[in-house]
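[1] next one to model:
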Amino acid sequence: MEAALYGPEGFYLRPEGPAGHFRTSVHASPLFAGAVARLLCRVDEALDHPDELAFVDLGAGRGELTAGVLAALPADVAARARACAVERAERPAGLDPRIEWRDQPPAGVTGLLFANEWLDNIPLDVVEVDPEGLGRRVLVQDDGTESLGDTVEGADASWLARWWPLAPEPGLRAEIGRPRDEAWAAAVATLTRGLAVAVDYAHDRAGRPPFGTLTGFRAGRETAPVPDGTCDITAHVALDACALPGAALLAQRAALHALGVSGGRPPLSLASSDPVAYVHALTRAGEAGELTAEGGLGDFGWLTQRVGIPDPLLVDVADHEEQ
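    Here you go, the predicted model:
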């Protein structure tokens, strides 16, 4: 998985970038970047407006979210913002020169670290229960042919026992999320103060899928996760296992509603008084509906991790729920 995604011929280093194969919330609508910009402003307030305010886009693709957030910030906040796009691919041509391009997140920063669909591409191992009821690692060839390897022991076995216990039923599968836990802890550790947010398709311990979620995407279609570099290889994230003390978990629809993204239709009276404004508002409502839809992008999990500040998103969520 590591080689297929990030090796010399890896999927995420291909010139077309991930947007050539699938849509994320970032590509679905500029409303998403606007919401993240509002969250950054909330973090700025919680930090009492520092001289330098970091926005770290972890797993930045081709910098679409970073550029969108910068464009949506108020001028006074944008003037203090340090925007860092973190991605293993080369810096794309024409990217806003204010954006710093890095292959690792900067350390010791104050602000917002945002990881949109990053953890699902942290490589992991898959385990399957064999006919004797033992959990064995799934081995895979370049052509996708699978076989079972050694039994799972040590730290990975301990992780499974705590976070994804498997019944001794042949064919059941789990995905060992320990590398994601460690990657997220390392990312959060780069913040001196601020908020870290991971956004991904997720599941919790009470509802782990019995046969796992590993899959591939190529050219807009789901496909077999063949590790030859031609497709994305992804698995949903056990965000509850990633969570550190002080973290919170919520659905994307709740987070975006609290940040002002609503799918409500504009009043019909606007169609008569200002037809152009009505069309624009209707378009925004459709885009907001896609971002918050049940069974779609709205089901994404948001893991928020505060570092030295109150969680500014949870306050917004509570206020929205009261309304």
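
[2] correct me if wrong: Pro179 contacts Asp120.
    No: between Pro179 and Asp120 there is no contact, the gap being 11.8 Å when judged by Cβ atoms under 8 Å. Any C-beta I mention is one placed from the backbone N, CA and C, and that applies to glycine too.

[3] the more surrounded of the two?
    Neighbour comparison, Pro179 and Asp120: the larger count goes to Asp120, with 21 against 17 (by other Cβ atoms under 10 Å).

[4] A helix includes that one, no?
    Yes: according to DSSP: H, G, I helix; E, B strand; the rest coil, Asp120 belongs to a helix.

[5] contacting residues for Gln252?
    Ser25, Val199, Leu291, Thr292, Leu297, Gly298, Asp299, Phe300, Gly301, Trp302 (Cβ atoms under 8 Å, 6 or more residues apart in numbering).

[6] longest strand in this structure, please.
    Criterion DSSP state E: the longest strand present in the chain is strand 191-200.

[7] send me the next helix or strand after that one as PDB with only the CA atoms.
    Taking DSSP states H and E as the definition, the helix or strand that follows strand 191-200 towards the C-terminus is strand 215-218. Written as PDB, here are the backbone C-alpha positions of strand 215-218 (Å, rounded to 0.1, in the frame of the first residue of the first chain):
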ATOM      1  CA  THR A 215     -11.200  -0.600  -1.600                       C
ATOM      2  CA  GLY A 216      -9.900   1.300  -4.700                       C
ATOM      3  CA  PHE A 217     -10.900   4.200  -6.800                       C
ATOM      4  CA  ARG A 218      -9.900   5.000 -10.400                       C
END
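
[8] list the buried ones in strand 215-218?
    Judged by neighbour count (16 or more other Cβ atoms under 10 Å), strand 215-218 contains these buried residues: Gly216, Phe217, Arg218.

[9] quick revisit: buried ones in the longest strand of the chain, by neighbour count?
    For strand 191-200, the buried set under the neighbour-count rule, 16+ other Cβ under 10 Å, comprises Leu191, Arg193, Gly194, Leu195, Ala196, Val197, Ala198, Val199, Asp200.

[10] do stretch 135-150 as well
    Neighbour counts over stretch 135-150 (16+ other Cβ under 10 Å) mark Gly135, Arg136, Arg137, Val138, Val140, Leu148 as buried.

[11] summarise which helices and strands the longest strand of the chain is packed against.
    Using 3 or more Cβ pairs under 8 Å, 6 or more residues apart in numbering; DSSP states H and E, the elements in contact with strand 191-200 are helix 30-46, strand 109-116, helix 178-188, helix 239-242, strand 301-307, helix 312-322.

[12] burial measure for Gly154, as a count.
    Per other Cβ under 10 Å, the neighbour tally for Gly154 reads 7.

[13] then the one 10 residues further on?
    Neighbouring residues of Trp164 were enumerated by other Cβ under 10 Å; the total is 21.

[14] now do the contacts for it.
    Ala174, Glu175, Ile176, Gly177, Arg205, Arg208, Ala238.

[15] quick check, pLDDT for the fourth one.
    I take that to be Gly177. On pLDDT, Gly177 comes in at 98.

[16] and it, what is it in contact with?
    Applying Cβ under 8 Å, 6+ apart to Gly177 gives the contacts Leu124, Trp159, Trp163, Trp164, Val237, Ala238, Ala241, Cys242.

[17] ok, the residues you listed vs Asp130, which is closest?
    Trp164 (16.7 Å; Cβ to Cβ).

[18] hmm, back to that, can you redo the buried residues of strand 215-218 as CSV, where the extra columns are pLDDT and distance to Val109?
    Below are the buried residues of strand 215-218 laid out as CSV (pLDDT from 0 to 100; distance: Cβ to Cβ, whole Å):
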residue, pLDDT, distance to Val109
Gly216, 93, 34
Phe217, 90, 32
Arg218, 87, 35
